[in-house]
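Colleague: Any chance you can model this:
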Amino acid sequence: MHIAGSGANVGAINLLSVEFRKQDVGTQFAAIETLCSTGAVKAVLAGMMHIALTSRPLTDAERAAGLREIEYARTPFAVVVRADSRIESITGAQLATYFSGAADAGADAGAGASGSAAC
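Modeller: So this is what the prediction gives:
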């Protein structure tokens, strides 16, 4: 079984695969590829991976392409900014714009920061 996904998922899936192999010794797992969520989804669509581990819901286009999502866990994350950043709080919607590349987190942070977190 070939699995790819965002790095946040890899630790948990490695632990789950060890436990699964104890019960189903015939299943072989390849090394889990660390890709961003979008890259993992594209790899499944291309037939290169069996499972994509994402840190986001599927898009309408990904669902229309025949993919479906199954939530298996939720992971807490911390958003960390520099002490001289202008960002004092952030919403989920704002984070989504940064990670999608629709907004520049560096420009919003100020203090000379630049770049984006788009995958």
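
Colleague: which residues in the chain form helices?
Modeller: Here the chain has its helices, by DSSP state H, at 7-23, 37-45, 60-64, 92-100, 105-109.

Colleague: Would you mark the buried spots in the first one?
Modeller: Yep, that's helix 7-23 we're talking about. Within helix 7-23, the residues that qualify as buried are Asn9, Val10, Ile13, counting by 16 or more other Cβ atoms under 10 Å. C-beta here means a position set from N, CA and C on the backbone, and glycine is covered the same way.

Colleague: quick one: it to helix 37-45, angle?
Modeller: 40 degrees (axes from the mean of the first three to the mean of the last three Cα atoms, to 10 degrees).

Colleague: just to revisit the earlier point, quick check, nearest of the buried residues of helix 7-23 to Leu45?
Modeller: Using Cβ to Cβ, Asn9 is the member of those that lies nearest Leu45, at 17.9 Å.

Colleague: Skipping its backbone neighbours, what lies nearest that closest one in space?
Modeller: Leu53 (3.6 Å; Cβ to Cβ, 6 or more residues apart in numbering).

Colleague: wait, doesn't the one you found sit right on Ser6?
Modeller: Yes - using Cβ atoms under 8 Å, Leu53 is in contact with Ser6, at 6.2 Å.

Colleague: Turn the buried residues of helix 7-23 into TSV, columns for pLDDT.
Modeller: What follows is these, written out as TSV (pLDDT from 0 to 100):
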residue	pLDDT
Asn9	78
Val10	76
Ile13	80
